[in-house]
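Student: Have a look at this prediction, sequence included:
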Amino acid sequence: MAHAIVTGGGIVGLNVALALQSKGFSVTLIEPEAVRTGASYGNAGHVAIEQVEPLASMAMVRSAWRRLYPRGALGLPAKAVGHWLPFSLGLLKAASPQRFARGKAALSALIAQAMPAWQRRVVDIGAPDLLRQDGHYVVWETPASAAAGLKSWQSSDTGDARFHVVTEDELSELRRITTANIAGAIRFENTGQIADPARLLATMEAKFAERGGRVLRERVARVGDGVVVLTGGETLIADAVVVSAGVRSKPLLEALGARVPIVAERGYHIQSKAHGWPDGLPPVVFEDRSMIVTGFEGGLRAASFVEFAGVDDPPDAGKWSKLRKHVTALGLPFGPVEDAATWIGARPTFPDYLPAIGRLKDKLWYAFGHQHLGLTLGPVTGEIVADMIDSGESPMAFSLQRFGEHFQ
Ligand SMILES: Cc1cc2nc3c(=O)[nH]c(=O)nc-3n(C[C@H](O)[C@H](O)[C@H](O)COP(=O)(O)OP(=O)(O)OC[C@H]3O[C@@H](n4cnc5c(N)ncnc54)[C@H](O)[C@@H]3O)c2cc1C
């Protein structure tokens with residue numbers, strides 16, 4: 001039986017590991033955290049099949065100054081200029097109309113498979129209730145932002161996702177969770193939510209182990225062609241090695257000469273256990289505040305911010321304060337905000353806002369860089385990687401070759 005090693009067990013690595021098992025591989029998953037604390041845990045739980053347009057666009061570039069922190073959610077800390085400046089230059093290039101059109105075609109094709117792949121995955125792990133396909137709301141608080149926001153969604157490509165302006169019943173549902181003025185709102189109908197990211201990750205890993213998968217609570221120091229070296233020095237050999245360590249994939253692959261211009265696009269959340277969010281209410285995006293609020297089994301979570309910085313730079317506590325202020329200003333049923341748990345984590349983001357999925361060497365593959373869409377794209381990515389390794393053929397659309405030097 002062929003043996004595969006998967007390096008990193010976030011939402012992407014776990015999906016790769018399960019998909020490889022279903023192709024008949026014996027799989028070892030190397031993941032240091034028994035209970036995950038990274039992006040795959042701290043995200044907003046939204047299966048965002050409406051986001052088929054890469055964020056690297058001229059519209060995004062033009063609106064950047066308006067979105068700057070503290071007015072908006074875009075954090076470019078002065079100390080982190082060495083991280084965000086090269087990234088911004090790369091983004092500018094990637095936002096050209098030709099590259100945007102190419103990226104959109106590639107991302108749309110991937111997103112079109114995202115929900116069916118999720119449906120297969122939750123059935124496969126015996127937990128269909130983890131996926132809710134009940135849409136989400138987008139809310140605006142002023143007539144001007146409501147008119148502009150609605151127009152913007154109406155002129156955007158949202159792939160297979162459908163939405164409508166909220167009905168009176170839906171408006172009443174929203175009025176139960178906020179005391180703020182709702183000047184306008186739309187309801188996406190067929191986007192999704194994961195009921196609880198922590199339960200999802202635990203269930204996937206348990207299923208993987210139940211099927212004979214081996215989990216090593218170790219950290220990978222180096223990878224090579226069919227080789228993994230752990231930080232303790234032990235060397236493991238496999239027929240296929242997959243690097244899926246999120247933003248920390250960069251040093252592993254750059255050591256082999258690959259160009260990996262990824263940045264830590266850090267997000268923040270606060271989460272309250274005791275709250276009054278109605279059961280089953282889908283996520284609500286407060287677009288004027290760039291904040292999404294999601295009711296999970298583990299608590300009510302408000303998430304925001306795109307802060308470009310070093311992955312291990314200290315957090316900016318002002319961003320949690322801002323989240324508390326938003327929650328209070330909206331009168332959300334959050335419980336005492338000062339008691340809410342705080343979290344920071346990094347989206348793994350390339351300047352063109354496309355993932356990296358491909359092959360670096362004969363027995364070395366990679367899957368990371370899913371930016372704002374890693375939860376959405378985890379299952380389809382797993383299936384693609386397992387197909388690539390099984391067939392030996394790697395599609396070019398998401399190859400690291402788009403950034404230059406590449407070795408195989
Ligand atoms: C605030 C916020 C909200 C978000 N909301 C959404 C959303 O609603 N919908 C959506 O689709 N996406 C969302 N995202 C994005 C999504 O969370 C990420 O794209 C996704 O979690 C990335 O998954 P990953 O498995 O690639 O990386 P990670 O979750 O970072 O997992 C990588 C894993 O690799 C392990 N690892 C690291 N280094 C090593 C090593 N050397 N050896 C072994 N293991 C290692 C880590 O321990 C970790 O468990 C959000 C992100 C943030 C920050």
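Tutor: Looks like it arrived, so ask away. Keep in mind the model is a prediction, meaning the values are calculated, not measured.
Student: residues from the stretch 101-250 of the chain in reach of the ligand?
Tutor: Residues of the stretch 101-250 of the chain lying near the ligand by Cβ under 6 Å from any ligand atom: Arg219, Val220, Ser244, Ala245, Gly246, Arg248. (Glycine included, C-beta is placed from N, CA and C.)
Student: Could you identify the longest helix within this protein?
Tutor: helix 374-391 (DSSP state H).
Student: touching the ligand at all, that one?
Tutor: Yes: legend: contact between helix 374-391 and the ligand by Cβ under 6 Å from any ligand atom is shown at Gly374, Leu375, Thr376.
Student: number of nearby residues for the nearest residue to Val337 once chain neighbours are set aside?
Tutor: Nearest residue to Val337, sequence neighbours excluded (Cβ to Cβ, 6 or more residues apart in numbering): Arg324, at 4.3 Å. Arg324 has 17 neighbours, counted by other Cβ atoms under 10 Å.
Student: now do the one 5 residues further on
Tutor: With neighbours defined by other Cβ under 10 Å, the count for Ala329 comes to 14.
Student: List the buried residues of stretch 11-24.
Tutor: Ile11, Val12, Gly13, Leu14, Asn15, Val16, Ala17, Leu18, Ala19, Leu20, Gln21 (16 or more other Cβ atoms under 10 Å).
Student: The fourth one against Ala202, yeah?
Tutor: Spelled out, it's Leu14. No: the pair Leu14 / Ala202 is not scored as a contact, 10.1 Å apart, by Cβ atoms under 8 Å.
Student: domains of this protein?
Tutor: Segmentation of the chain into domains, based on automatic domain parsing, reads 3-41+198-261+353-403, 63-95+127-193+263-349.
Student: chain center to the shortest one: distance?
Tutor: So that's domain 3-41+198-261+353-403. 15 Å (Cα atoms, centre = their mean, to the nearest Å).
Student: Report all helices and strands that the helix or strand hosting Arg301 contacts.
Tutor: Assigned by DSSP states H and E, Arg301 falls within strand 299-309. For strand 299-309, the helices and strands in contact under the criterion 3 or more Cβ pairs under 8 Å, 6 or more residues apart in numbering; DSSP states H and E are strand 74-75, helix 81-94, strand 263-272, strand 291-296, helix 317-330.
Student: if we can go back for a sec, Leu74: which of the residues of the stretch 101-250 of the chain next to the ligand is nearest?
Tutor: Taking Cβ to Cβ as the measure, Gly246 is the one of these closest to Leu74, at 21.1 Å.
Student: right, and the secondary structure at the residue lying closest to the closest one once chain neighbours are set aside would be what?
Tutor: Spatial nearest neighbour of Gly246, chain neighbours left out: Pro348 (4.6 Å); criterion: Cβ to Cβ, 6+ apart. What DSSP: H, G, I helix; E, B strand; the rest coil gives for Pro348 is strand.
Student: what about the helices in the stretch 151-300 of the chain?
Tutor: Using DSSP state H, counting those that start in this stretch, the helices of the stretch 151-300 of the chain run over residues 168-175, 197-210, 249-254.
Student: tally of neighbours for Ser145?
Tutor: Neighbours of Ser145 using other Cβ under 10 Å come to 16.
Student: what sits against Trp343?
Tutor: Each residue near Trp343 by Cβ atoms under 8 Å, 6 or more residues apart in numbering is listed here: Thr37, Tyr41, Gly42, Tyr268, His269, Ile270, Gln271.
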